[in-house]
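> build me a model:
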Amino acid sequence: MQNMTPRHFLDLDSIDADTLRGIVNAAHAMKRAGKAVPEAMRPPGADNAILVMIFEKPSTRTRVSFDVAMRQLGGQTIMLNHTDLQIGRGESIADTARVLSRYVDAIMLRANLHETLNEFAQHATVPLINGLTDRSHPCQIIADIVTFEEAKGPIAGRSIAWVGDGNNVAASWMQAAVQFGFELRIACPESLRPDPAIVAWANDRKGRISITDSAEAAVDGADCVVTDTWVSMGQKDAERRKALLKPYAVTEELMRKAGDDSIFMHCLPAYRGNEVTAEVIEGPHSVVFDEAENRLHAQKAILAWCLGA
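Below is the predicted model of the structure:
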């Protein structure tokens, strides 16, 4: 029987601020250390640890970064998609979580529905990591904070502008604004605003979060401008969404409103000519490929914490 009180990494609102700061600091240290992670940074038993990665959605960065992260910590990985599991043939999530917990040391789940993650977490007796759901994407935000701090210094007290769809990544940015103490300005159409429950959670905790329908107002003087793809996997209303979001495209003109020292982030994949122009994503403000690299270092830090480092 595995540990009955595992360290799950499910959402940024379920882990205390000091612990999250420690994970970000560890990610910075992991990056400085390079591929050979020092013994002092490795969790106990890392050399024999096995991570199973389950994907209900395709992935490039999440899949490869977690695979490499576990290997650099000294462990091994198993990759499964939905059709590899008996869940696809009717076995319950609860039974799957309990069985996998007998075989492996940690589970990373990239799920369509957040409810799937929550049910998995209720029954897993090893650490479960949220690799993305329709509600949130916390691993991405750890990497984003690492990227911001590399470029601009400590994120506390700084200003971030989110422009576009108020989606799952925006939701995790709202949670991070509370936990890390920065200002978040969200610009999006009325019909694509963020999850009201997460907005209420942030407001209850005095988060410095504002929501507007003006991209120009959100980015004015911001330290960082962030956007994401307008149409996520599985969404059926692509043309309607593109029409709604066209005024929120990140262009060079919009970036000038943020200022000369601002940076641009995008979690990728990016669609040049939709949510961002080629000139911005390839230009001097862009740190998107540092951001993508930092997924690896963030995953190492998250895994190390989950496994007890």
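> which helix runs longest in the chain?
helix 288-306 (DSSP state H).
> hmm, M41 and A29 touching each other?
Yes. In this structure A29 lies within contact range of M41 using Cβ atoms under 8 Å: 6.5 Å. Bear in mind the C-beta positions are built from the backbone N, C-alpha and C, glycine included.
> can you give me the strands for the stretch 51-200 of the chain?
76-81, 106-110, 128-132, 159-163, 183-187 (DSSP state E, counting those that start in this stretch).
> which among those is found nearest to C224?
Ranking the strands of the stretch 51-200 of the chain by distance to C224, with Cβ to Cβ as the measure, places strand 159-163 first at 4.9 Å.
> check which helices and strands the longest helix of the chain sits against.
helix 17-33, helix 61-72, strand 128-132, helix 138-152, strand 263-266 (3 or more Cβ pairs under 8 Å, 6 or more residues apart in numbering; DSSP states H and E).
> any buried residues in the first one, and which?
Using 16 or more other Cβ atoms under 10 Å as the test for burial, helix 17-33 gives L20, R21, I23, V24, A26, A27, H28, A29, M30, K31.
> okay if I get those residues as TSV plus pLDDT?
Shown next, in TSV, are these (pLDDT from 0 to 100):
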residue	pLDDT
L20	98
R21	98
I23	98
V24	98
A26	97
A27	98
H28	98
A29	97
M30	97
K31	98
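> of the residues you listed, which is the nearest to F9?
Lowest distance from F9 to these (Cβ to Cβ) belongs to I23, with 8.4 Å.
> what's near enough to touch the nearest residue to the closest one once chain neighbours are set aside?
Residue nearest to I23 in three dimensions, not counting chain neighbours: A301, with 4.9 Å by Cβ to Cβ, 6 or more residues apart in numbering. Residues counted as contacts of A301 (Cβ atoms under 8 Å, 6 or more residues apart in numbering) are I23, V24, A26, A27, A29, M30, I142.
> how much space between the fifth one and T133?
When you say that, I think you mean A29. Here A29 is placed at a distance of 28 Å from T133 (Cβ to Cβ, to the nearest Å).
> and if you look at P194?
Taken as Cβ to Cβ, the span from P194 to T133 is 14 Å.
> again with M41
28 Å.
> A strand includes V225, no?
Yes. Using DSSP: H, G, I helix; E, B strand; the rest coil, the assignment for V225 is a strand.
> if I read this right, it contacts Y248, doesn't it?
No. Using Cβ under 8 Å, V225 makes no contact with Y248, being 10.8 Å away.
> if you count what's nearby, which of these two comes out ahead?
Taking other Cβ atoms under 10 Å, V225 and Y248 do not tie; V225 has more neighbours (30 against 22).
> buried residues in stretch 274-285, which are they?
Using 16+ other Cβ under 10 Å as the test for burial, stretch 274-285 gives N274, E275, V276, T277, V280, I281, H285.
> in CSV: the residues you listed, plus secondary structure.
Below are those laid out as CSV (three-state DSSP):
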residue, secondary structure
N274, coil
E275, coil
V276, strand
T277, coil
V280, helix
I281, helix
H285, coil
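> ok, those residues vs S14, which is closest?
The closest of the buried residues of stretch 274-285 to S14 turns out to be E275 (Cβ to Cβ; 29.0 Å).
> distance of that closest one relative to V163?
Going from E275 to V163 by Cβ to Cβ gives 8 Å.
> intersection of neighbour lists for the two?
Between them, E275 and V163 share the contacting residues T227, Y248, V250, judged by Cβ under 8 Å, 6+ apart.
> ok, the first one - contacts?
Listed by Cβ under 8 Å, 6+ apart, the contact partners of T227 are W162, V163, G164, Y248, V250, H266, E275, V276.
> next one: it from A304, what distance?
Taking Cβ to Cβ, one finds T227 at 30 Å from A304.
> who's in contact with the residue positioned nearest the centre of the chain?
In the chain, the centroid-proximal residue (Cα atoms, centre = their mean) is Q140; its distance is 2.1 Å. For Q140, the contacting residues are L132, V169, S172, C267, R295, by Cβ under 8 Å, 6+ apart.
> would CSV of those with pLDDT and distance to F120 be doable?
What follows is the contacts of Q140, written out as CSV (pLDDT from 0 to 100; distance: Cβ to Cβ, whole Å):
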residue, pLDDT, distance to F120
L132, 97, 13
V169, 98, 21
S172, 98, 18
C267, 97, 23
R295, 98, 22
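> just the buried subset of the residues you listed, please.
Buried residues within the contacts of Q140, counting neighbours by 16+ other Cβ under 10 Å: L132, V169, S172, C267, R295.
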